[in-house]
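Visitor: Just need the structure, nothing else, for what follows:
(chains A and B)
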Number of protein chains: 2
Amino acid sequence: MSERRLNEQVRIVGSGLLGASIGLGLRDHGVDVIVADVSPSAQQLAIDYGAGRAPAEGDNPGLIVVAVPPDVTARVVAAELAAYPNALVTDVASVKLGPLEQLRAMGADLSRYLGTHPMAGRERGGPIAARADLFLGRPWVLAGHDDITYKRAAAIEDMILDLGAVPIELTAETHDEAVALVSHAPQVVASLMAARLVDGPDAALGLTGQGLRDVTRIAASDPGLWVQILGANASPVAEVLRGLRDDLDAVITALDEPDAGGSRRTIAEAIAVGNTGVARIPGKHGQDRRFAQLVVMVDDRPGQLAKLLTEVGEVGVNLEDLRLEHSPGAQIGLAELAVLPEVEHKLVSELEARGWRIAAVSA
Amino acid sequence: MSERRLNEQVRIVGSGLLGASIGLGLRDHGVDVIVADVSPSAQQLAIDYGAGRAPAEGDNPGLIVVAVPPDVTARVVAAELAAYPNALVTDVASVKLGPLEQLRAMGADLSRYLGTHPMAGRERGGPIAARADLFLGRPWVLAGHDDITYKRAAAIEDMILDLGAVPIELTAETHDEAVALVSHAPQVVASLMAARLVDGPDAALGLTGQGLRDVTRIAASDPGLWVQILGANASPVAEVLRGLRDDLDAVITALDEPDAGGSRRTIAEAIAVGNTGVARIPGKHGQDRRFAQLVVMVDDRPGQLAKLLTEVGEVGVNLEDLRLEHSPGAQIGLAELAVLPEVEHKLVSELEARGWRIAAVSA
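Guide: Predicted coordinates for the structure are as follows:
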């Protein structure tokens, strides 16, 4: 049985954003996609949306994708392994060690199971938000283990490539520690910072700038989903947070006695180490490159931002990043453009020559 | 002496980003601007840049703006009050209570002093980054106190209005508590989260998504400046951080025993309270409005984003916010557009009709 054969009929269990998006994407590749959900109405919604067809007598999927919440992932994977003894089974839960250990404890056939985790989705709920190209260009982790052969796992990697994602192999432990650091702990930090705002005076909230907006943006995430993710990856997340808590205690102690010996140094080091940490985040295209930034003033009317970007394109400069800033109380937008340092000077001169007002340029 | 007279000659002490930007902005209004800096080379750079002229015999400024680091603000303000007994003096330091109390302790003439704080600047260092329109549409706090009359302070409010900013009157205490909440504590939180990344494995950093990028963006700020700001506003910042630390301890305890009674509830409540907090941040134009979001796929070539935005403009839709997302490893960009909910459906249909691929739409 070749990998291609396995991928001819794929059964997806769970019809939320991830399950439905995988279904849409695989159907674009001519796959016979079966969508199953414990909720008949959710299943029908995903089918209506084009994610696949209902299960039928005689279904013989080569590959099964379990896309259910982390709490029930192992149980559903075990049931699918038992119900389809010839099928390869994967899941897309955002934690990987717990399900693997639970399956091992249940005595499940791990030679037919390989867990994965697409770094996409953004918790914009349900099949209605699903898109065939949700995974395009995103990392998609395969959590390798010793009970499945490389050859057998190939069908799962093929599926990931078909969906346009970038396969990355990590162990389940390494994956869980990685997402604790880059996803789960930041979620807790953003939520706890946002929680401080609940009792803040309106006058204070009115002074909010882009910094606080950025720090707290993901605090709008769904508590129901996150309690499962954090609970399922509790130990690695707690370890990251304990390190943060110890640093936080040191900063609080220093702030309580700001003029004591060593206090200023503690505070300065906290900010300086943060500089080092944030510089490690890879930039666009996976590169660790710093860009030049310029802020251009844009009238807050339809077409003005497009006009700016058209002229940036005419100058022949590619934008590496772009953000709009809010200007409370003003009918003006600030467009922050990131470009390669070597084109910054040219872009500034050309834009100024065309009458754009440039509000700030990075050093 | 009318307010206009006071504003005819303005002396700016300190030629960094804020001082030089104020100078440039006031010169646009025909003001005779004097730039003074303890560093002769910094002073000359700001003058070369057009921020004003050098001090001269017979200078008689009606208004003096002290734009020096927080640590030395009170000392410089006191010296200016003494040197120019007819002048009104303000400062632009990002903390307000400390300088006011220090001036009172020094016996300075507070009937001629009113501290202010423009919520702008972004710590892009030096006069080279200065712009006359840096303050356009930004809140600018006046820290009112009982020793200066309303009438006398009017010249400062006029200057703020001339620079295009939005004057907001708060007491020094209220200001410092407000910026502790919306600016200083978020800086510490971002820095401490970023500090966790210093020892993170490359594989983990490679999974970084937009969430971590946002949470840690301001962690790139200057330690030298922030140690002064945090030291000068230590008590209000420590109070915000203590609340966060207590919540963090509760979450860590819950994560240490995720299956214990109450643990899931503690975690869910932390995320849910964060939802409530982030929803309090005012949206664009100071309104607390939620926008519809859609994510459009854009080829990573010059002109493509402009083409998208031109067509958004042709459809007649105004963008409320726009962000580009990084797609590690892919030559594709994801443009996240925020629009009024009532135009979302129309925009999606029109863009799809024009061949754009829409990767995700908010629920």
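Visitor: C-alpha only now, for contacts and for neighbours.
Guide: Fine.
Visitor: Check which element follows whatever helix or strand A:A254 lives in along the chain.
Guide: Applying DSSP states H and E as the criterion places A:A254 in helix A:234-256. Remark: after helix A:234-256, the chain's next helix or strand is helix A:263-278, criterion DSSP H and E.
Visitor: The helix or strand just after that following helix and chain B, are they touching?
Guide: Per DSSP H and E, the first helix or strand lying C-terminal to helix A:263-278 is strand A:292-299. No - Strand A:292-299 is not in contact with chain B by CA under 8 Å from any CA of the partner chain; minimum separation 9.0 Å.
Visitor: Show me which residues of the helix or strand just after strand A:292-299 are buried.
Guide: Note on strand A:292-299: by DSSP H and E, the next helix or strand toward the C-terminus is helix A:304-315. Of all the residues in helix A:304-315, those buried under the rule 16 or more other CA atoms under 10 Å in any protein chain shown are A:304-313, A:315.
Visitor: and chain B, which of those contact it?
Guide: Near chain B, by the rule CA under 8 Å from any CA, you find A:305-310, A:312-313 out of the buried residues of helix A:304-315.
Visitor: Just put the residues you listed in TSV and tack on pLDDT and distance to B:A190.
Guide: Formatted as TSV, those follow (pLDDT from 0 to 100; distance: CA to CA, whole Å):
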residue	pLDDT	distance to B:A190
A:L305	79	30
A:A306	79	32
A:K307	84	34
A:L308	87	32
A:L309	83	31
A:T310	83	34
A:V312	87	32
A:G313	82	34
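Visitor: could you pull out the strands for chain A?
Guide: Using DSSP state E, the strands found in chain A span residues A:9-13, A:32-36, A:63-66, A:88-91, A:116-118, A:139-144, A:166-171, A:292-299, A:321-325, A:332-339, A:358-361.
Visitor: Pick the most buried one from those.
Guide: Most buried of those, by mean neighbour count (mean count of other CA atoms under 10 Å in any protein chain shown): strand A:88-91, with a mean of 28.
Visitor: Dump the buried residues of helix A:304-315 to CSV, plus distance to B:A93.
Guide: What follows is the buried residues of helix A:304-315, written out as CSV (distance: CA to CA, whole Å):
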residue, distance to B:A93
A:Q304, 34
A:L305, 33
A:A306, 37
A:K307, 37
A:L308, 34
A:L309, 35
A:T310, 39
A:E311, 38
A:V312, 36
A:G313, 39
A:V315, 39
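Visitor: of all the residues you listed, which two lie farthest apart?
Guide: A:Q304 and A:V315 (16.8 Å; CA to CA).
Visitor: picking up where we left off before, turn the strands of chain A into JSON lines, including mean pLDDT.
Guide: Below are the strands of chain A laid out as JSON lines (pLDDT from 0 to 100):
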{"stretch": "strand A:9-13", "mean pLDDT": "97"}
{"stretch": "strand A:32-36", "mean pLDDT": "97"}
{"stretch": "strand A:63-66", "mean pLDDT": "98"}
{"stretch": "strand A:88-91", "mean pLDDT": "97"}
{"stretch": "strand A:116-118", "mean pLDDT": "96"}
{"stretch": "strand A:139-144", "mean pLDDT": "94"}
{"stretch": "strand A:166-171", "mean pLDDT": "94"}
{"stretch": "strand A:292-299", "mean pLDDT": "80"}
{"stretch": "strand A:321-325", "mean pLDDT": "72"}
{"stretch": "strand A:332-339", "mean pLDDT": "77"}
{"stretch": "strand A:358-361", "mean pLDDT": "71"}
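Visitor: Tally up the residues packed near A:E57, please.
Guide: 5 (other CA atoms under 10 Å in any protein chain shown).
Visitor: Surely A:T171 is in contact with A:D146?
Guide: No - between A:T171 and A:D146 there is no contact under CA atoms under 8 Å: 9.9 Å.
Visitor: that older thread, next, the buried residues of the helix holding A:A254.
Guide: A:234-242, A:244-245, A:247-248, A:250-256.
Visitor: how far is it from where the chain is centred?
Guide: 24 Å (CA atoms, centre = their mean, to the nearest Å).
Visitor: Run the angle between it and helix B:234-256 for me.
Guide: Counting by axes from the mean of the first three to the mean of the last three CA atoms, to 10 degrees, helix A:234-256 lies at 160 degrees to helix B:234-256.
Visitor: quick check: angle from helix A:234-256 to helix A:263-278?
Guide: Interaxial angle of helix A:234-256 relative to helix A:263-278 (the same axes, to 10 degrees): 140 degrees.
Visitor: helices and strands around helix A:234-256, which ones?
Guide: helix A:172-179, helix A:185-195, helix A:263-278, helix B:185-195, helix B:234-256 (3 or more CA pairs under 8 Å, 6 or more residues apart in numbering or on different chains; DSSP states H and E).
Visitor: Between the ones you listed, which one is closest to B:A67.
Guide: For the helices and strands packed on helix A:234-256, the distance to B:A67 is smallest for helix B:234-256, at 20.6 Å, taking CA to CA.
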